[in-house]
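1. Structure for the following, please:
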Amino acid sequence: MSRQTAKLARRLANWKPGILPFAIPFVVITGVGLWTYSPNRTPLGWLLTVVWSLPVLGVLVGLQGALMIRRRQKRVHEMVEAAPADKNLLIVLVPTIGRHDTYPALERSVSSFAEHLPEFFPHLRIDVLTEEGCEAADRIDALAATSDAIRVVTVPRAYATPNGTRFKARANHYSHELRIAEGEARHEVWVLHMDDDTGVGPDTAAALAQFVNRQNRKSPDEEKHMAQGILTYPREHGVSRFTWLADAVRPADDIARFRALTGLGTPAAGVHGELLLMRADIEAEIGWDFGPKAIVEDAQLALTFCRRYPGRSDWFNGRCYGASPATARDFVKQRERWAWGLIGLCFDRSIPLRYRWFLSACVVTWVLGPLQHIAVILALAWATGDTNTSPVAQTVIVLWALNFAYVLWMYWEGLRLNGLVSANGRRLWWEPIAVIVLIPVFSVLEGLGGLRGFLKFIRGEDNKFVVIAKPA
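-> Below is the predicted model of the structure:
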């Protein structure tokens, strides 16, 4: 193992989700809520009771995931002793729209794969998946020429899937068919799905190799077929410090809900399209041909996986390094597309209800986010003349405290993770203060994206796969 790998491994190995950032707000909010409680059975009281209690299911699952990490946190020597996965072929798949404004991030990401992965994967290929005639084709070809491991796979403009799938899922399906045709849909081949703005580090390569080698040692009925790691955002990858702070919530979700569900074998919360590892023969059986309405293909893949291979997914303590949207407008557009696609997925009857009910509950909470905002509640209280913002029953205070403390914990721990993977390895003194103070603003952006996605869904608008500009 290189000195760089060992240094980063030691920095990350001591990390584990904190308890106090959740416990302190929970105790304070519970105490204040019980002390100031006054029964409120007015319409406002019932509204508050419902909308502020809705997130509790996701909160409990998230807390379970964080506790699982604390119990099974890996030690430094496990990272140091990671061995190359020399029995396996790793194919890194990087779909890109191939625009000039997305190319700088693509170059950064692909270069990181070529630099860090060969140490642990001597059999490696990086497939950059582009559309025929994309505007940055010449630049992408020049990038491929920098390493023998990089191959450009061009999706013909006339290519169509049997089910009429579009956008990124269509490109993924073309690549999946190509692997089958080239005889690579085999048990010993793994496909690492990465976004074109998300790179890896030496720690990522070590964690991936550890996971693959563990599967090689297991019996067929114990092997895991899919795994997901943690998406983080180094400070230096961000153009906007505001959206970087707002995205603190995403790595926290990976160490919470995704750790619990994907790590227990059934990714009912979905997966994200970066640092998603799948065995090639399993992916060949599922494919990506989900139809023309698919714009959250990663989540649809996860729910399909739940039905076909229950208990066969896992979570690993590895990180990839992405970039937050460059502007608040792009941030909202990104969330809008996710909400739009997820709502459609929740109504997809081809997926059994037992595999989509949890995701549906989380999406309902997201879409109703504007109603949960404190500014909206205060406005309703002022309009109705009802200044009592207590719930209908005192016991509900505990649920509210769980939910509010969990939100604070997510932004606190997510920022901590993002600071840890940044160049200086820590948060700046003012960032924890700023991220907590700005939570009401961040929730407006999140809620606005969810609401806009919901409105597009109920209006039956034609699905669009919006690709925002990616910073270098």
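
2. could you point out which element follows the lowest-mean-pLDDT helix or strand in the chain?
-> Counting by mean pLDDT, DSSP states H and E, the chain has its least confident helix or strand at helix 76-80, which shows a mean of 44. Scanning forward in sequence from helix 76-80 by DSSP states H and E, the next helix or strand is strand 89-95.

3. got the CA coordinates for that next one in PDB?
-> C-alpha atoms of strand 89-95 as PDB (Å, rounded to 0.1, in the frame of the first residue of the first chain):
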ATOM      1  CA  LEU A  89     -12.000  -7.600 -13.700                       C
ATOM      2  CA  LEU A  90     -13.400  -4.200 -12.600                       C
ATOM      3  CA  ILE A  91     -15.200  -2.200 -15.300                       C
ATOM      4  CA  VAL A  92     -15.800   1.400 -14.300                       C
ATOM      5  CA  LEU A  93     -18.800   2.700 -16.200                       C
ATOM      6  CA  VAL A  94     -19.000   6.500 -16.600                       C
ATOM      7  CA  PRO A  95     -22.000   7.800 -18.600                       C
END
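
4. Average pLDDT for the helix or strand immediately after that strand in the chain, rounded please.
-> Where DSSP H and E defines the elements, the next helix or strand beyond strand 89-95 is helix 103-116. Helix 103-116 carries an average pLDDT of 96.

5. quick one: helix 103-116 to strand 89-95, angle?
-> Taking axes from the mean of the first three to the mean of the last three C-alpha atoms, to 10 degrees, one finds helix 103-116 and strand 89-95 inclined to each other by 170 degrees.

6. from the chain's centre, how far out does helix 103-116 sit?
-> Centroid separation for helix 103-116 versus its chain: 20 Å, with C-alpha atoms, centre = their mean, to the nearest Å.

7. Check which residues of it are buried.
-> Of all the residues in helix 103-116, those buried under the rule 16 or more other C-beta atoms under 10 Å are 103-114, 116. For the C-beta atoms, the positions are set from N, CA and C on the backbone; glycine is no exception.

8. contacting residues around it?
-> 92, 94, 96, 124, 126, 128, 136, 139-140, 143, 146-147, 149-150, 194-202, 204-205, 237, 321, 323, 470-472 (C-beta atoms under 8 Å, 6 or more residues apart in numbering).

9. Isn't G62 up against F258?
-> No: counting by C-beta atoms under 8 Å, G62 does not reach F258; the two are 9.1 Å apart.

10. that older thread, can you pick out the most distant pair from the buried residues of helix 103-116?
-> Y103 and H116 (20.4 Å; C-beta to C-beta).

11. Quick check: mean pLDDT of the biggest helix by length in the chain?
-> Secondary structure of the chain per DSSP state H: the longest helix is helix 396-420. Helix 396-420 carries an average pLDDT of 96.

12. buried stuff in that helix?
-> In terms of neighbour count (16+ other C-beta under 10 Å), helix 396-420 has its buried residues at 396-397, 399-420.

13. cool, and stretch 246-266?
-> 246-266.

14. How about the contacts made by the residue in the chain sticking out farthest from the centre?
-> Residue distances from the centre of the chain (C-alpha atoms, centre = their mean) peak at G385, which lies 41.6 Å from the mean C-alpha position. For G385, no contacting residues are found, by C-beta under 8 Å, 6+ apart.

15. Could you do A82 as well?
-> So A82 contacts 1, 120, 206-207, 209-210, 213 (C-beta under 8 Å, 6+ apart).

16. Report the lowest-confidence entry in these.
-> M1 (50).

17. can you dump the C-alpha coordinates of stretch 420-432 into PDB?
-> C-alpha atoms of stretch 420-432 as PDB (Å, rounded to 0.1, in the frame of the first residue of the first chain):
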ATOM      1  CA  LEU A 420     -12.900  15.100   6.600                       C
ATOM      2  CA  VAL A 421     -12.400  14.300   2.900                       C
ATOM      3  CA  SER A 422     -11.400  17.800   2.000                       C
ATOM      4  CA  ALA A 423      -7.800  18.800   1.500                       C
ATOM      5  CA  ASN A 424      -7.300  20.100   5.000                       C
ATOM      6  CA  GLY A 425      -9.100  17.200   6.600                       C
ATOM      7  CA  ARG A 426     -11.400  19.200   8.800                       C
ATOM      8  CA  ARG A 427     -14.300  21.700   9.000                       C
ATOM      9  CA  LEU A 428     -13.500  25.400   9.200                       C
ATOM     10  CA  TRP A 429     -14.600  27.000  12.500                       C
ATOM     11  CA  TRP A 430     -17.600  28.900  11.000                       C
ATOM     12  CA  GLU A 431     -19.000  26.100   8.900                       C
ATOM     13  CA  PRO A 432     -20.800  24.100  11.600                       C
END
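
18. List the buried residues of that stretch.
-> Neighbour-count burial for stretch 420-432, counted by 16+ other C-beta under 10 Å, picks out 420-422, 427, 431-432.

19. And stretch 298-312, what's buried?
-> Under 16+ other C-beta under 10 Å, the buried positions of stretch 298-312 are 298-306, 309, 312.

20. Select from these every entry located in helices.
-> Going by DSSP H, the helices hold 298-306 from the buried residues of stretch 298-312.

21. which of the residues you listed lies closest to G164?
-> So of those, ranked by how close each gets to G164 (C-beta to C-beta), first place is Q300, at 14.6 Å.

22. Around the closest residue to the closest one other than its chain neighbours, how many other residues sit close by?
-> Nearest residue to Q300, sequence neighbours excluded (C-beta to C-beta, 6 or more residues apart in numbering): F290, at 4.9 Å. Residues lying near F290 (other C-beta atoms under 10 Å) number 26.

23. got the contact list for N418?
-> N418 is in contact with 232-235, 244, 247-248, 251, counting by C-beta under 8 Å, 6+ apart.

24. in the stretch 51-200 of the chain, which ranges drop under the pLDDT threshold?
-> Where the stretch 51-200 of the chain drops to pLDDT under 70, the residues are 73-81.

25. Swap in 90 and give it another go.
-> Counting by pLDDT under 90, the low-confidence segments of the stretch 51-200 of the chain come to 70-82.

26. Would you map the helices across it?
-> 56-71, 76-80, 103-116, 137-144, 167-181 (DSSP state H, counting those that start in this stretch).
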